[in-house]
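Chemist: turn this into a model:
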Amino acid sequence: MRTKLSILISVLASLALLAIAFWWAPLNQDEGWYLMAARRVSQGYMPYRDFAFTQAPLFPYVFQFAQPLIKTFGLAGGRLVNVGFSLLTFFLLLRSLRYFTPERSRRFATLLLICLLGLNVFQAQYTVTVKTYPLAAFFLSLGVLGWLSYHQTRRLRTLMLCALALAAATATRLSLGLFFIPLGFALLGQRKSEGEKAWISFGVTGLLGLSLFFLPFLLLAPEGFKFGLLDFHAARQVDSTLLLKAGFLSRVTQSYFPALLIFALLLFRWKSWQPGLRTLAIGMGAVTLLHLLAPFPYDDYQVALYPVWVLLIAIESAHQLPASKQIQIAPLLLASCLLFAFSSAQLPRWFSNGQDRIWIKTKSQSDLSLLREKSKWLHQTFTQPLKEILTMDTYLAIESDLEIPVGLEMGPFSYFPDMETEKAEHLRVLNLKRGMELIRHSNADIATFSGYTFAIETPWITQTPLKVRQMIFDLMMEKFTPITNIENFGQGPTTLLILAHPKLNQRTHPY
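Modeler: Residues are numbered from 1 along each chain as shown. Have a look, this model is predicted:
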């Protein structure tokens, strides 16, 4: 009874947190260019060849089917799709508990899964944020389900499902491809007892899946494919590399502390873990190490891994902890996770724009609400219908259902100042010359200038010199007429200056 009540409370609290995160989680620049890539694919364009894209290719091909939802609800439509994939992942994990935990411990394992996954504020934020993580987590969870099923049933079809799902996860988030290595070696090590069919089926299916997802782009757009998946990320340069990596470890520890603590305790019983779990844990360790070694490691890289990590913790805890202890600690587990969620460092970022000296700058509305409001305002302000916007705040184009010029699909990461013009044209990005020409010859109805407009020199992730930014700003002021400023807009936040082409007529003057 005590565990049942704890499960009910944890479910309600998790749903409440997810709903709050959906509306209040801060905007992220990635949301705009991911959804713009999906729009381009829905229009018949190909990533790497027709527009720049710096992630694995599957995301825009999946999200192209959500275009009617995004056209109707804007960025919120994209967030809804992510929530859908996250819920599918959650149900896959629950199904896994049904088959891989003893019946007497299933309620406790369910409670542990919900508390660690559903009551984590950091995870909730990136569950709703339009990035690759929920889709990648769904495919990875499907692959893990196939892997664990094989260790119970020895059916090759579940192993083939595992390989195909891992290929899809890799085609969504490239780093997840590392899972193939420990799983493949584990099957090779078992070939004397299990025969040759297992590792051959796994290897061939995985190879076919990877070929299906990657080979067309490698053949049709080899330079753009290599640049987007490898060169762009390898060329990132930062100062204080060791400090940055220490910060990654610190923030990951803060974000996932309860799971880390339980996992550390379970490591003392490493040799008695269930079949297949140790191999998965090694895979997660390998992917985490790869994330740490990245030139610019973001702590949210771990979001796609976390649901599977929690599944392993729930399964192993159900086996290791006596049933009497599970009943006793269930309320304590729930209370601890609720307290951890309430004390999360992420929450203040949802409801404030930082601090001005001793004053907290509390938000009067969420970032998403402000985006929706200003997008609606754009269409209501002018007598002519709007078609195109020149902006690097790409989520404004998505929310307003406006097109952007070719070359700006990657938002603030579209600007490669030192790239040769011929190469920039071929890769569908902008150097300084192409950027100036784009502005000078633009026929866009609306333009914006914000803290992200030609402000980031990629691929190094350094600030654009002030004199260059001033030159670009002056050119935009020659081409367009300033209309209004929007304070505290978007990721960051920054001030967004909205400009209009002189051909447009305003219904009312905003000043």
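Chemist: could you use CA atoms for every contact and neighbour count after this?
Modeler: OK.
Chemist: could you give the bridge partners of the residue nearest to residue 484 when sequence neighbours are not counted?
Modeler: Distances taken as C-alpha to C-alpha, 6 or more residues apart in numbering place residue 498 nearest to residue 484, at 5.5 Å, with adjacent residues excluded. Judged by DSSP bridges, the bridge partners of residue 498 are residue 448, residue 484.
Chemist: and residue 498, what's its pLDDT?
Modeler: On pLDDT, residue 498 comes in at 97.
Chemist: who's in contact with it?
Modeler: Residue 498 makes contacts with 446-449, 482-486, as judged by C-alpha atoms under 8 Å, 6 or more residues apart in numbering.
Chemist: buried ones from those, can you make that a ChimeraX selection?
Modeler: Burial among the contacts of residue 498 is assessed by 16 or more other C-alpha atoms under 10 Å; the matching ChimeraX selection reads:
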select :446,447,448,449,482,483,485
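Chemist: reformat the contacts of residue 498 as CSV; add pLDDT and distance to residue 364.
Modeler: Below are those laid out as CSV (pLDDT from 0 to 100; distance: C-alpha to C-alpha, whole Å):
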residue, pLDDT, distance to residue 364
446, 96, 26
447, 97, 26
448, 98, 23
449, 98, 23
482, 96, 25
483, 95, 23
484, 95, 19
485, 96, 17
486, 96, 14
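Chemist: my read: residue 218 touches residue 225, true?
Modeler: Yes: contact status for residue 218 versus residue 225: in contact at 6.1 Å, counting by C-alpha atoms under 8 Å.
Chemist: those two: which is more packed in?
Modeler: Between residue 218 and residue 225, counted using other C-alpha atoms under 10 Å, residue 225 has the larger neighbour count: 25 against 15.
Chemist: in contact with that one: list those residues for me.
Modeler: By C-alpha under 8 Å, 6+ apart, the contact set of residue 225 is 48-49, 217-218.
Chemist: which element is it on?
Modeler: For residue 225, the element it lies in under DSSP states H and E is helix 222-226.
Chemist: list the buried residues for that helix?
Modeler: For helix 222-226, by 16+ other C-alpha under 10 Å, it's 223-225.
Chemist: what's the following helix or strand after it?
Modeler: With DSSP H and E, the next secondary element past helix 222-226 is helix 232-234.
Chemist: past the host helix or strand of residue 136, which element shows up next along the chain?
Modeler: Element membership for residue 136, per DSSP H and E: helix 133-153. Note on helix 133-153: by DSSP H and E, the next helix or strand toward the C-terminus is helix 156-170.
Chemist: touching, residue 390 and residue 453? I think so.
Modeler: No: Residue 390 is beyond contact range of residue 453, at 10.0 Å (criterion: C-alpha under 8 Å).
Chemist: tell me the contacts of the residue positioned nearest the centre of the chain?
Modeler: The centroid of the chain falls nearest to residue 131 when counting by C-alpha atoms, centre = their mean (2.8 Å). Neighbouring residues of residue 131 by C-alpha under 8 Å, 6+ apart: 30-31, 34.
Chemist: surely it is within a strand?
Modeler: No: Residue 131 is assigned coil when assessed by DSSP: H, G, I helix; E, B strand; the rest coil, not a strand.
Chemist: circling back: in strands, which of the contacts of residue 131 fall?
Modeler: With strands taken from DSSP state E, there is no overlap with those.
Chemist: could you point out which of those residues is nearest to residue 104?
Modeler: Nearest to residue 104 among those is residue 31, at 42.8 Å by C-alpha to C-alpha.
Chemist: give me the number of residues near the closest one?
Modeler: As a measure of burial, residue 31 has 21 neighbours, counting by other C-alpha under 10 Å.
Chemist: next, the contact list for the spatially closest residue to it that is not a sequence neighbour, please.
Modeler: The shortest distance from residue 31 to any non-neighbouring residue, by C-alpha to C-alpha, 6+ apart, is to residue 130 (4.7 Å). By C-alpha under 8 Å, 6+ apart, the contact set of residue 130 is 30-31, 34-35, 78-79, 82.
Chemist: what's the farthest-apart pair in these?
Modeler: It's 30 and 82 that sit farthest apart of these, by C-alpha to C-alpha, at 13.7 Å.
Chemist: skipping adjacent residues, who's closest to residue 275 in space?
Modeler: Nearest non-adjacent residue to residue 275, counting by C-alpha to C-alpha, 6+ apart: residue 151, 6.5 Å away.
Chemist: how many other residues sit next to the one you found?
Modeler: Residue 151 has 15 nearby residues by other C-alpha under 10 Å.
Chemist: quick check, it in contact with residue 279.
Modeler: No: applying C-alpha under 8 Å, one finds residue 151 not in contact with residue 279, separated by 11.5 Å.
Chemist: output the helix holding residue 225 as CSV, restricted to C-alpha atoms.
Modeler: Extracted C-alpha coordinates of helix 222-226, given in CSV (Å, rounded to 0.1, in the frame of the first residue of the first chain):
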residue,chain,number,x,y,z
PRO,A,222,30.3,13.5,-49.2
GLU,A,223,31.9,16.8,-48.4
GLY,A,224,28.9,18.3,-46.6
PHE,A,225,28.3,15.0,-44.8
LYS,A,226,31.9,14.8,-43.5
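Chemist: my guess is residue 31 contacts residue 393. True?
Modeler: No: if you go by C-alpha under 8 Å, residue 31 and residue 393 don't touch, sitting 9.8 Å apart.
Chemist: kind regards, and thank you for your time.
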